[in-house]
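1. what would the 3D arrangement of this be:
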Amino acid sequence: MRSVRNVLAVGLILATAWVVLPDEQRNRIRTIWDASINESATGSAEGRMAGFKAGIAMFLRYPILGVGPGCFIEYRVEHLDGVNLVSHKLDWSGAWRNWNYWSVCFSFVCLLQLW
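-> Residues are numbered from 1 along each chain as shown. Coordinates of the predicted model:
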């Protein structure tokens, strides 16, 4: 019975999150199963995967200390595939503008704590 409640709660929270998310965010999520929504999504995903593989290669070569802070691009260009891009842009400044998303996440965590 408890697992049924948990599944229903998660479903309700996901449905609520979907409703409150801005259209831009929903379209980004839709590109997971439908690349035709955004033609650049496929190229972006492939670029991220290449960056991820470059990061794994760096980790395997230097598992303890890495290549150094801020040296990902330089090392990748000189020693791996020559691509002058990072694997993913980690810019949290814009994320806080989506307060609806964060409030739903906070509510989800609170509900999980109650069960």
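2. make it CA atoms for all contacts and neighbour counts henceforth
-> OK.
3. which stretches of the chain form strands?
-> For the chain, strands defined by DSSP state E do not occur.
4. helices of that one, start to end?
-> 2-20, 23-30, 39-61, 72-79, 99-114 (DSSP state H).
5. low-confidence ranges in the chain?
-> 1, 33, 35, 37-45, 86-102, 115 (pLDDT under 70).
6. repeat the analysis, applying 50 as the threshold.
-> Counting by pLDDT under 50, the chain shows low-confidence ranges at 92.
7. can you give me the buried ones in stretch 2-22?
-> Within stretch 2-22, the residues that count as buried by 16 or more other CA atoms under 10 Å are 13, 17-18, 20-21.
8. distance of Leu114 relative to Gly51?
-> For Leu114, the distance to Gly51 equals 39 Å [CA to CA, to the nearest Å].
9. so for those two, which sits in the more crowded spot?
-> Counted by other CA atoms under 10 Å, Leu114 and Gly51 do not tie: Gly51 has more neighbours, with 22 against 6.
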